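1. Model the following, please.
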Amino acid sequence: MEPCKNSFSYPNARRIAERLKRAHAGFSLPRFSKGLEDALETLELKQRMHLIADRIEAGLPAHPPELFAILVKTLAIDATDTTGLRGFLVWPLTEIVARRGLPHFAEAMAAVGEMTKCFTGEFAIRPFLRHHRERTLKQLHAWCDHPDEHVRRLVSEGSRPLLPWGGNLPELLELPHPTLGLLEKLHRDPSDYVRLSVSNHLNDFSKHHPSLVIETLARWRKNAPEDARLERLARHACRTLLKGGHAGALELHGYGSAKALELENFVLAEKAVSLGGHLGYRLVIRNTSRRALRVMFDYAILHRKANGTLSPKVFKGRVKELAPGERWEIIGRHPLKPVTTRVYHAGRHGFEPRLNGRAFPQVEFMLHIDKRP
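-> Below you'll find the predicted structure:
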């Protein structure tokens with residue numbers, strides 16, 4: 001798979017510049033391009049985006065309202081527009097609005113509202129929540145009724161307290177929890193895209209206010225008991241709590257106590273595996289109670305860190321309803337393949353089954369890493 005940073009390759013940067021030239025005749029392509037190809041080569045994704053934004057900003061009028069109007073002219077008008085900008089190519093434009101828009105709130109919000117239809121403005125909205133919170137929240141409440149799902153999704157995603165890549169806004173987790181009113185308006189949105197963002201927003205809250213999340217979801221469920229989409233939202237919103245075995249979250253989703261579950265058999269197919277391979281596993285679980293029990297099987301891989309300690313990463317497994325006394329055999333394979341988000345270290349690792357949030361004793365395995373070029 002091509003690296004994400006190549007979204008801002010030199011040819012794509014030139015495409016942005018050419019579109020800017022069409023929107024503003026005074027934009028200099030030679031000035032924008034000078035030394036850019038070599039400069040981009042050594043940079044990662046976000047660094048490339050910032051450099052391209054710097055070049056764009058240097059070549060356009062300095063007055064923000066005029067600048068924003070030019071940027072908006074470069075956007076794709078609709079799905080049939082093959083010349084306008086969309087996707088990652090819009091990110092530098094939203095970055096410029098975030099940089100320059102604070103003294104020009106109305107014009108900045110208008111620009112972000114248009115840009116988010118082509119690429120999310122969730123990062124650009126963050127400075128406004130930091131510096132103009134009440135005014136920005138008022139704008140977000142107005143956008144809850146916007147006809148475009150991308151704008152409505154921006155409301156929830158842009159105001160997430162713990163947005164990845166966006167810089168945390170922990171003050172939004174504090175009383176009176178100013179973003180929960182937005183979620184009240186959006187949790188039954190007709191768009192799956194919007195509801196997924198609502199669940200991610202609630203998952204942020206669950207890390208600090210689990211009871212609040214459970215109470216909110218229980219109330220929503222009571223008010224709309226037949227809404228299957230709301231059930232999906234609730235499961236996703238509770239994913240961190242469920243992985244951690246939070247009793248309230250387990251009860252909300254109908255899982256019984258792990259005390260009634262017996263792990264009769266648990267073996268790994270390999271005692272050692274090479275990076276790039278798979279780790280096979282087999283478990284037999286029995287419901288020892290006299291009533292049916294909903295069982296959630298997850299597992300943690302205890303990854304070896306550079307200092308030799310083990311750090312768990314929980315992976316979702318499967319769910320099954322077990323009758324009284326029923327056994328459940330689970331056979332699976334876990335891939336141990338290189339990923340950009342983790343550094344693997346050779347040596348002892350562990351596989352830890354988790355049933356309805358309860359961690360059962362781990363089984364160790366060795367990870368080998370081939371260091372040949």
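2. can we go C-alpha only for contacts and neighbour counts from here?
-> Noted.
3. how about the strands in the stretch 151-300 of the chain?
-> Taking DSSP state E, counting those that start in this stretch as the criterion, the stretch 151-300 of the chain carries its strands at 261-268, 272-274, 278-287, 293-304.
4. Just put those in JSON lines and tack on mean neighbour count and mean pLDDT.
-> Formatted as JSON lines, the strands of the stretch 151-300 of the chain follow (neighbours: other CA atoms under 10 Å; pLDDT from 0 to 100):
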{"stretch": "strand 261-268", "mean neighbour count": "16", "mean pLDDT": "97"}
{"stretch": "strand 272-274", "mean neighbour count": "16", "mean pLDDT": "97"}
{"stretch": "strand 278-287", "mean neighbour count": "18", "mean pLDDT": "98"}
{"stretch": "strand 293-304", "mean neighbour count": "22", "mean pLDDT": "96"}
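5. I'd like those strands laid out as CSV, including distance to Thr82.
-> Formatted as CSV, the strands of the stretch 151-300 of the chain follow (distance: least, CA to CA, whole Å):
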stretch, distance to Thr82
strand 261-268, 51
strand 272-274, 45
strand 278-287, 42
strand 293-304, 44
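6. Select, out of those strands, the one closest to Phe205.
-> Closest to Phe205 of the strands of the stretch 151-300 of the chain is strand 293-304 (CA to CA; 22.2 Å).
7. which is the next helix or strand following the closest one?
-> strand 310-322 (DSSP states H and E).
8. Following element in sequence after that following strand, please.
-> strand 327-335.
9. most centrally placed residue in the chain?
-> Centroid-nearest residue in the chain: Pro164, 6.3 Å away (criterion: CA atoms, centre = their mean).
10. Report the separation between that one and Leu85.
-> 24 Å (CA to CA, to the nearest Å).
11. cool, and Ala39?
-> From Ala39 to Leu85 the distance is 22 Å (CA to CA).
12. just Phe205 next, same as before
-> Using CA to CA, Phe205 is found at 34 Å from Leu85.
13. how about the helices in the stretch 101-250 of the chain?
-> For the stretch 101-250 of the chain, the helices defined by DSSP state H, counting those that start in this stretch cover 105-115, 126-131, 133-143, 149-158, 180-186, 192-206, 210-223, 228-237, 239-243, 247-252.
14. Val339 looks like it's in a helix, true?
-> No - using DSSP: H, G, I helix; E, B strand; the rest coil, the assignment for Val339 is coil, not a helix.
15. and it, what does it touch?
-> Listed by CA atoms under 8 Å, 6 or more residues apart in numbering, Val339 has no contact partners.
16. So it versus Val273, what's the distance?
-> Counting by CA to CA - Val339 and Val273 are separated by 16 Å.
17. what about Phe119, neighbour count?
-> Counted with other CA atoms under 10 Å, residues neighbouring Phe119 total 20.
18. pretty sure it is touching Glu95, no?
-> No - counting by CA atoms under 8 Å, Glu95 is not a contact partner of Phe119; they are 11.5 Å apart.
19. Contacts for stretch 174-192, please.
-> Contact with stretch 174-192 is made by 137, 140-141, 144, 149, 152, 155-156, 159-160, 172, 194-195, 198, 229-230, as judged by CA under 8 Å, 6+ apart.
20. Please identify which of the residues you listed is nearest to Lys222.
-> Using CA to CA, those come closest to Lys222 at Leu230, 10.7 Å.
21. you'd agree that closest one is up against Asn223?
-> No - if you go by CA under 8 Å, Leu230 and Asn223 don't touch, sitting 10.5 Å apart.
22. the more surrounded of the two?
-> Taking other CA under 10 Å, Leu230 and Asn223 do not tie; Leu230 has more neighbours (20 against 10).
23. ok, now how distant is that one from Leu242?
-> Look at Leu230 and Leu242: by CA to CA, they are 17 Å apart.
24. swap in Asn203?
-> Asn203 is 11 Å from Leu242, by CA to CA.
25. Check Leu89 too.
-> 37 Å.
26. Can you give the distance from the host helix or strand of Phe365 to the centre of its chain?
-> Element membership for Phe365, per DSSP H and E: strand 363-368. From the chain centre to the centre of strand 363-368 is a distance of 30 Å (CA atoms, centre = their mean, to the nearest Å).
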